[in-house]
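>>> sequence and predicted structure, then a few things I'm wondering about:
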Amino acid sequence: MNKLLGKRALVTAGAQGIGLAISRQLLAAGCDVFVHYHRSAEGAATLAAEAATLGRRFSSASADLTSTEGCNPLVAEAVKFLGGLDVLVNNAGSLVGRRSLLDAEDNFWAEVMSLNIGSVRRVSRAATPALIEAAKSRGGASIVNLSSLAGRKGGHTGSLAYATAKGAVLTFTRALSNELAPQGVRVNALAPGFIAGTYFHNTHTTAEAAKASIAGIPVGRAGTADDVARAAVFLASEYDGFITAATLDINGGVYAA
């Protein structure tokens with residue numbers, strides 16, 4: 001039996017890259033899905049068509065997740081459309097730019113933190129009442145936070161702020177799990193390594209650096225967005241399971257906890 005059939009999911013940054021793959025696989029697993037996007041309206045439209053074909057309910061909205069004023073109305077709209085919330089996937093985040101400690105002035109540092117860990121906090125806070133209600137009435141609820149291999153290892157040159165924020169996502173995941181587990185909400189994280197074809201690497205990683213990264217992956221290839229999406233769907237399906245406060249590393253063997 002498909003454990004996600006009829007479940008209601010919100011995915012942030014869910015209309016491009018890894019988020020798009022997660023949204024697609026949640027739809028295929030039987031979820032009704034609400035997708036947040038910032039600029040990826042075309043991806044959201046594609047998902048709407050795919051959802052209709054599958055017979056799943058789908059809607060989307062654009063929002064700025066770097067402020068409470070952006071997050072709260074988004075979550076409220078998602079909960080209203082879906083009729084509740086069983087699964088939250090916090091996928092929004094970005095390197096923003098490669099800067100060393102000496103070059104990362106306060107405004108830049110604050111921007112990276114606000115987008116990568118602040119958005120997770122804000123969206124989770126807004127969604128928690130609905131998730132707790134689902135846990136009480138439907139047997140559990142699940143949060144999946146997207147971190148990064150950078151949050152494990154520290155990242156490559158120029159990713160100090162990003163790596164720090166993604167490390168904070170891992171700590172936030174463990175701490176929030178402790179807070180919400182007694183109320184039936186599981187909280188877990190994913191830490192993807194080098195995922196080819198994403199906006200992140202297309203924008204911030206040179207071809208030479210990408211080649212070097214792939215050469216260091218034990219399984220001999222880069223990851224794909226679908227590799228991450230499958231793991232996200234697995235953790236989402238553990239809404240009534242025994243896995244919480246965990247981080248699933250998806251890196252082809254580069255990092256072993």
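Okay, I see it.
>>> and the spatially most central residue of the chain, how far from residue 173?
With distances taken as CA atoms, centre = their mean, residue 91 lies nearest the centre of the chain, 2.2 Å away. Separation of residue 91 from residue 173 (CB to CB, to the nearest Å) stands at 13 Å. Using the backbone N, CA and C atoms, a C-beta is placed for each residue, glycine as well.
>>> where does the stretch 151-257 of the chain dip in pLDDT?
198-205, 256-257 (pLDDT under 70).
>>> go again using 90 as the cut-off
Along the stretch 151-257 of the chain, the model assigns pLDDT under 90 to residues 155-157, 196-217, 238-240, 254-257.
>>> can you show me the helices along the stretch 51-200 of the chain?
Using DSSP state H, counting those that start in this stretch, the helices of the stretch 51-200 of the chain run over 68-82, 106-113, 119-138, 149-153, 160-180, 199-204.
>>> can you lay out the ones you listed as TSV showing distance to residue 255?
Putting those into TSV (distance: least, CB to CB, whole Å) gives the following:
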stretch	distance to residue 255
helix 68-82	31
helix 106-113	22
helix 119-138	21
helix 149-153	5
helix 160-180	12
helix 199-204	17
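>>> the ones you listed: which one's closest to residue 230?
Closest approach to residue 230 among the helices of the stretch 51-200 of the chain is made by helix 149-153 (17.2 Å; CB to CB).
>>> can you list the buried residues in the closest one?
In terms of neighbour count (16 or more other CB atoms under 10 Å), helix 149-153 has its buried residues at 149, 150, 151, 152.
>>> swap in stretch 208-221?
Counting neighbours by 16+ other CB under 10 Å, the buried set in stretch 208-221 is 213, 217.
>>> end-to-end on that stretch?
15 Å (CA to CA, to the nearest Å).
>>> residues in contact with that stretch?
Under the contact criterion CB atoms under 8 Å, 6 or more residues apart in numbering, stretch 208-221 has outside partners 156, 193, 194, 196, 201, 205, 222, 251, 252, 253, 254.
>>> now do the residue nearest to the centre of the chain against residue 37, distance only.
Counting by CB to CB, the gap from residue 91 to residue 37 is 11 Å.
>>> just the mean pLDDT for stretch 67-87, thanks.
Average pLDDT, stretch 67-87: 98.
>>> hmm, I typed the wrong one, I wanted stretch 11-29.
97.
>>> distance between it and the chain's centre?
In terms of CA atoms, centre = their mean, to the nearest Å, the centre of stretch 11-29 is found 9 Å from the chain centre.
>>> list the buried ones in that stretch?
Neighbour-count burial for stretch 11-29 [16+ other CB under 10 Å]: 11-29.
>>> all strands of the stretch 1-150 of the chain, in order?
Using DSSP state E, counting those that start in this stretch, the strands found in the stretch 1-150 of the chain span residues 8-11, 32-37, 58-62, 87-90, 141-146.
>>> distance to residue 49 added to those, as CSV?
Putting the strands of the stretch 1-150 of the chain into CSV (distance: least, CB to CB, whole Å) gives the following:
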stretch, distance to residue 49
strand 8-11, 17
strand 32-37, 13
strand 58-62, 9
strand 87-90, 21
strand 141-146, 25
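>>> tell me the most buried of those?
Scoring the strands of the stretch 1-150 of the chain by mean neighbour count under mean count of other CB atoms under 10 Å gives strand 87-90 as the most buried, with a mean of 30.
>>> which neighbours does that strand have in its sheet, and in what orientation?
According to DSSP bridges, strand 87-90 has the following sheet partners: strand 8-11 (parallel), strand 141-146 (parallel).
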